[in-house]
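Q: here's a sequence, model it:
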Amino acid sequence: MRLLLRIYSILFETILSLFLTGVGLVALLSGRNNLKLDMLPWKDAGLTYGVLGLGIGGLILSALAILGKLKILFPIWCAAIFVLMFRGFFLSSFMYSGPAEFRGAVWLTVGALGAFLSSWTFLQGPSRARF
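A: Down below sits the predicted model:
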């Protein structure tokens with residue numbers, strides 16, 4: 001069971017990090033700082049670098065967790081991602097265009113909460129598998 005929870009948390013954070021890295025790289029390489037992600041606390045160039053930094057940081061911390069190095073950082077990272085999502089989607093002035101978009105934000109945030117709770121298995125004793 002622990003192995004499945006670890007795989008879930010790693011997959012969720014890695015996929016999210018790959019998405020953020022891709023968005024950040026496209027925005028950076030286009031030369032325009034025109035990202036509009038109202039759920040994040042940054043604006044203009046800071047948003048581009050923030051998204052890129054979140055993506056690269058997530059990939060590095062996921063890799064470290066898989067390798068068993070600095071395992072304490074992975075649950076902290078997952079908590080930070082959950083807090084950013086919850087704050088951005090539900091405690092800010094972010095506006096939804098309809099119920100489908102709201103449902104998507106709820107499910108994404110629930111997924112981040114699941115990844116955070118699952119990430120605590122990295123702090124338990126070693127499992128039989130490499131993860």
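
Q: which residue ranges of this protein form helices?
A: In order along the chain, the chain carries the following helices (DSSP state H): 2-30, 44-67, 73-90, 99-119.

Q: give the contact list for residue 8.
A: With contacts defined as Cβ atoms under 8 Å, 6 or more residues apart in numbering, residue 8 is in contact with 114, 115, 118. For every residue, glycine as well, the C-beta is placed using N, CA and C.

Q: what about residue 36, neighbour count?
A: Other residues near residue 36 number 7, with proximity taken as other Cβ atoms under 10 Å.

Q: do residue 117 as well
A: Count around residue 117 with other Cβ under 10 Å applied: 16.

Q: which residues sit in contact with the closest residue to residue 12 other than its chain neighbours?
A: Nearest residue to residue 12 in three dimensions, chain neighbours excluded: residue 115, at 4.0 Å (Cβ to Cβ, 6 or more residues apart in numbering). Under the criterion of Cβ under 8 Å, 6+ apart, the neighbours of residue 115 are 8, 9, 12, 13, 78, 81, 82.

Q: so the fifth one makes contact with residue 112?
A: This points to residue 78. Yes: using Cβ atoms under 8 Å, residue 78 is in contact with residue 112, at 7.3 Å.

Q: so for stretch 33-49, mean pLDDT?
A: pLDDT averaged over stretch 33-49 equals 83, rounded to a whole number.

Q: circling back: nearest to residue 37, out of the helices of the chain?
A: Taking Cβ to Cβ as the measure, the helices of the chain were each checked against residue 37, and helix 44-67 came out nearest at 6.3 Å.

Q: ok, the contacts of residue 8 vs residue 49, which is closest?
A: Among the contacts of residue 8, and counting by Cβ to Cβ, the member closest to residue 49 is residue 115, at 23.9 Å.

Q: can you redo the helices of the chain as JSON lines with distance to residue 37?
A: Output for the helices of the chain, formatted as JSON lines (distance: least, Cβ to Cβ, whole Å):
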{"stretch": "helix 2-30", "distance to residue 37": "8"}
{"stretch": "helix 44-67", "distance to residue 37": "6"}
{"stretch": "helix 73-90", "distance to residue 37": "8"}
{"stretch": "helix 99-119", "distance to residue 37": "12"}
